[in-house]
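> sequence first, then the predicted structure, then my questions.
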Amino acid sequence: MKAEINGFGRLAEGTVNLDSKVIAIVGPNEAGKTTLLKALAYIDNEKVLSVSERSRGVDVADVSTVVRVQSLLDDEDRSAVEHLELQEAPRAMWLSRTAGGGGQPRVTIEPQIL
């Protein structure tokens, strides 16, 4: 599992791996530790990212994707969609949210289902 964050608070651009059993977020004050947690929580709510919550010095439009979270699918996940008779079994799922927020996160499957 990993997350990509772009234009969210102090995190103008970054990727964090979240696939360990234990994850420690360590850094000096004002480094962006709390912002990282807020960005991860943003994927699961319907609010709009206010202008003050967007990165300074970076153009973050309402349609800009600010948080993307990838989850790799395991055998159990793939067997749950086996009945769809896809050409290729899905390997990963991305959830993403734009700065404009609202509604449900966008879901993307890899490889893409045509």
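All right, it came through fine.

> tell me the contacts of the closest residue in space to Met1 that isn't next to it in sequence?
Nearest non-adjacent residue to Met1, counting by Cβ to Cβ, 6 or more residues apart in numbering: Leu18, 4.4 Å away. To be clear about C-beta, it is placed using only N, CA and C from the backbone, and glycine gets the same treatment. The contact partners of Leu18, by Cβ atoms under 8 Å, 6 or more residues apart in numbering, come to 1-3, 69.

> go again with 7 Å.
By Cβ atoms under 7 Å, 6 or more residues apart in numbering, the residues touching Leu18 are 1-3.

> next: Val67.
Applying Cβ under 7 Å, 6+ apart to Val67 gives the contacts 3, 5, 8, 39, 42-43, 96-97.

> quick check: phi and psi at it.
In terms of degrees, to the nearest 10, the main-chain angles of Val67 are phi -140, psi 130.

> can you tell me which of the contacts of Val67 end up in strands?
Secondary structure from DSSP state E places 3, 5, 8, 96-97 of the contacts of Val67 in strands.

> of these, which pair is most distant in space?
Largest separation among those by Cβ to Cβ: Phe8 and Ser96, giving 12.1 Å.

> what is the neighbour count of Phe8?
Phe8 is flanked by 27 other residues according to other Cβ atoms under 10 Å.

> any regions of the protein where pLDDT drops low?
Applying pLDDT under 70 to the chain picks out residues 113-114.

> tell me where it has helices.
Counting by DSSP state H, the chain has helices at residues 33-42, 75-80.

> could these go into CSV alongside distance to Ala24 and mean neighbour count?
Output for these, formatted as CSV (distance: least, Cβ to Cβ, whole Å; neighbours: other Cβ atoms under 10 Å):
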stretch, distance to Ala24, mean neighbour count
helix 33-42, 10, 17
helix 75-80, 27, 11
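
> among the ones you listed, which is nearest Gln104?
Among the helices of the chain, helix 33-42 comes nearest to Gln104, with 13.0 Å by Cβ to Cβ.

> so who does Asp19 touch?
Asp19 makes contacts with 1-2, as judged by Cβ under 7 Å, 6+ apart.

> okay, it and Gly57: tell me how far apart.
31 Å (Cβ to Cβ, to the nearest Å).

> please apply the same query to Val63.
Distance, Val63 to Gly57, by Cβ to Cβ: 19 Å.
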